[in-house]
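**Student:** give me coordinates for this.
(chains A and B)
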Amino acid sequence: MNLDDIMNAPAPASQWVLSEDCRENGLSEHDVRELMLGRIREMRDSIERGLKTQAKSVTGMVGWNAQGLWDAPDVLGAPLVKRVQAYAMAVNEENARMGRIVAAPTAGSAGTIPGALLGVADHLGLPDERLVMPMILAAGIGKAISRQMYISGAAGGCQAEIGSSAAMAAAAVTELLGGSPRACVHAASLALMNTIGLVCDPVGGYVEVPCVSRNAFYAVHAVSAAQLALAQLESFIPPDEVVTAMAQVGRMMPLELKETAEGGLAQTPTGLRVMHDMERKV
Amino acid sequence: MIGPVMIGPSSSHTAGACRIGLVARALLGHPPEHARIGLHASFAKTGRGHGTHLAIVAGLLGFSPADPRLPRAFEEAQGAGVNYEFTDVDLGDVHPNSARLDLSGGGNETSVIASSTGGGVIHVVRVDGFKTDFSGASPTLLLRYQDAVGMIARVTALIAEDDVNIATLVCTREKRGGQALLSIELDARLSDHAVRQLATLPEISWHRMLPKVMD
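**Tutor:** Numbering: from 1, shown residues only, chains lettered A, B, ... in the order given. A predicted model of the protein is given here:
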């Protein structure tokens, strides 16, 4: 399935994705929904753990950001934004502590979907059961993207990871808020279009900086994309063409900027110091 | 794409690496006693920071990517009597997240090259020197045999009799009439009876019925 198929499916898009998935895997729709509800509960569990602690990560570069934001005053008068950011960072800080998380679609980008989808749901007071079908749509969007490119920082840069997670989250939030299949896929496309080119330059080679804050930013990015798409704004470039462009940019990106820690933030004086210190420690 | 549930921090370097360990353990057919683990490209460069070393050893011990013992895999390995050593290797034109595992245990030996391609997905690309391609996402039958006319027909007939569908099939051989490796991804596990029948074919020198390593 590609993005065009999902866009032209009968509403809701998630039901079409679910039927296709079940035909492919030989699973029942009930089983897939139960599995997804279990994943949502795992996500919630990682958010709760992450918001409760300031325990440092493996390197000590992160660990207090989610709780710090959660307890900070809401200076913008925008509780949704704060919630989405805190949830996203809670998951990624758990990840950086070698805690238990749900890859979505990867571990480095695991905070974006729970941040955006659970954040919006909690803001609106919606139960987890309402998130099952949007989450199935998110999985379908990820699968459609992965037909054209490997979803890993090593193969495609951060755009492949966080871009995919933001696109998946954007579609899921759009469906949760009643968007059509067309609106959902355009939300995904808008999110991707505005992530293209993002490099993977993890400091010290660790999934911590900039990964933790990046999940907060791109969870909000996904919510923005959903807002635009629900107002009938569309991606000028057709969604599957955007994925093709992202895959092409991923191939053109130098190896130094694809998870090798040989460029970008990883090669700043501070980045090099972290790498040096950790080599002695680990 | 939503999943696996896993111990952080990286789906390709941690969860995928753990699954590479799991599939190699299953290929050995015995808990490994000694493991030589060669890390390639990005696995070698940034693996340490991602717990790749821990995750591969965890997989060799039979732990799943969500197992809370994963961060303590080195201590667990010591307790289980598993010796391991890491080296950096250049495996040539393979995915940047790849590893070569040379295992021995219980009198068995195996050599596996596998790649972790993102989101915890893996591809086994070589077994004992033979090119192959399977993902561990479904039960997989592997057979080593003497290349001969009709071998694939006989094997697939037995699988059909067991009422199991074939998803993918990759066959490679060293040369005409030489040793061959057949990897068959299945929609379900073969019955023990069918596996025993396969094992009685005189050309077959080695077989494994691998369970799926993805949840």
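**Student:** where do the strands of chain B begin and end?
**Tutor:** For chain B, the strands defined by DSSP state E cover B:5-7, B:34-40, B:83-89, B:97-105, B:108-118, B:121-127, B:130-134, B:140-146, B:166-173, B:179-186, B:204-210.
**Student:** which secondary structure elements does the first one sit against?
**Tutor:** Using 3 or more C-beta pairs under 8 Å, 6 or more residues apart in numbering or on different chains; DSSP states H and E as the contact criterion, the elements in contact with strand B:5-7 are strand A:100-102. C-beta: built from backbone N, CA, C; applies to glycine.
**Student:** likewise for the second one?
**Tutor:** In terms of contact count using 3+ C-beta pairs under 8 Å, 6+ apart, strand B:34-40 is assigned the packing partners helix B:52-60, strand B:83-89, strand B:97-105.
**Student:** kindly export the lowest-mean-pLDDT helix or strand in chain B (C-alpha atoms) in CSV.
**Tutor:** Ranked by mean pLDDT, DSSP states H and E, the helix or strand of chain B with the weakest confidence is helix B:41-50, at a mean of 84. What follows is helix B:41-50 as a C-alpha-only set of coordinates in CSV (Å, rounded to 0.1, in the frame of the first residue of the first chain):
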residue,chain,number,x,y,z
ALA,B,41,30.2,0.4,9.8
SER,B,42,27.5,2.2,11.9
PHE,B,43,27.2,-0.8,14.3
ALA,B,44,31.0,-0.4,14.9
LYS,B,45,31.1,3.4,15.1
THR,B,46,28.0,4.2,17.3
GLY,B,47,27.1,0.8,18.6
ARG,B,48,28.7,1.3,22.0
GLY,B,49,26.4,4.3,22.7
HIS,B,50,23.3,2.4,21.6
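**Student:** close to chain A, is it?
**Tutor:** Yes - on the criterion C-beta under 8 Å from any C-beta of the partner chain, helix B:41-50 is in touch with chain A at B:41, B:42, B:45, B:46, B:48, B:49, B:50.
**Student:** how does chain B divide into domains?
**Tutor:** B:11-128, B:140-210 (automatic domain parsing).
**Student:** the helix ranked longest in chain A - contacts with which helices or strands?
**Tutor:** Longest helix in chain A by number of residues (criterion: DSSP state H): helix A:29-52. When contacts are defined as 3+ C-beta pairs under 8 Å, 6+ apart, helix A:29-52 sits against helix A:13-25, helix A:65-71, helix A:79-96, strand A:100-102, helix A:132-146.
**Student:** TSV for the ones you listed, including distance to residue A:57 and mean pLDDT?
**Tutor:** Compiled in TSV, the helices and strands packed on helix A:29-52 are given as follows (distance: least, C-beta to C-beta, whole Å; pLDDT from 0 to 100):
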stretch	distance to residue A:57	mean pLDDT
helix A:13-25	34	95
helix A:65-71	10	98
helix A:79-96	4	98
strand A:100-102	13	98
helix A:132-146	26	97
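**Student:** residue A:186 sits in which helix or strand?
**Tutor:** helix A:181-193 (DSSP states H and E).
**Student:** tell me the mean pLDDT for the biggest helix by length in chain B?
**Tutor:** If each helix of chain B is counted by residues according to DSSP H, the longest one is helix B:16-28. On average, the pLDDT along helix B:16-28 is 98.
**Student:** is it anywhere near chain A?
**Tutor:** No - residues of helix B:16-28 are not located near chain A by C-beta under 8 Å from any C-beta, the shortest gap being 8.7 Å.
**Student:** give the bridge partners for residue B:183, please.
**Tutor:** Bridge pairing for residue B:183 (DSSP bridges) gives the partners residue B:142, residue B:170.
**Student:** ok, residue A:129 - how many residues close by?
**Tutor:** Summarising burial for residue A:129: neighbours were counted as other C-beta atoms under 10 Å in any protein chain shown, giving 10.
**Student:** which ones are touching it?
**Tutor:** By C-beta atoms under 8 Å, 6 or more residues apart in numbering or on different chains, the contact list for residue A:129 reads residue A:37.
**Student:** what residue in chain B is the furthest from its centre?
**Tutor:** Ranking residues of chain B by C-alpha distance from their mean position (C-alpha atoms, centre = their mean) puts residue B:149 at the top, at 27.6 Å.
**Student:** and the pLDDT at it?
**Tutor:** Looking at residue B:149, its pLDDT reads 96.
**Student:** and it, what are its phi and psi?
**Tutor:** For residue B:149, the backbone dihedrals are phi -60, psi 130 (criterion: degrees, to the nearest 10).
**Student:** returning to that earlier point: got TSV for the helices and strands packed on helix A:29-52, with distance to residue B:153 and mean neighbour count too?
**Tutor:** Rendered in TSV, the data for the helices and strands packed on helix A:29-52 read as follows (distance: least, C-beta to C-beta, whole Å; neighbours: other C-beta atoms under 10 Å in any protein chain shown):
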stretch	distance to residue B:153	mean neighbour count
helix A:13-25	27	18
helix A:65-71	59	18
helix A:79-96	49	27
strand A:100-102	43	27
helix A:132-146	34	26
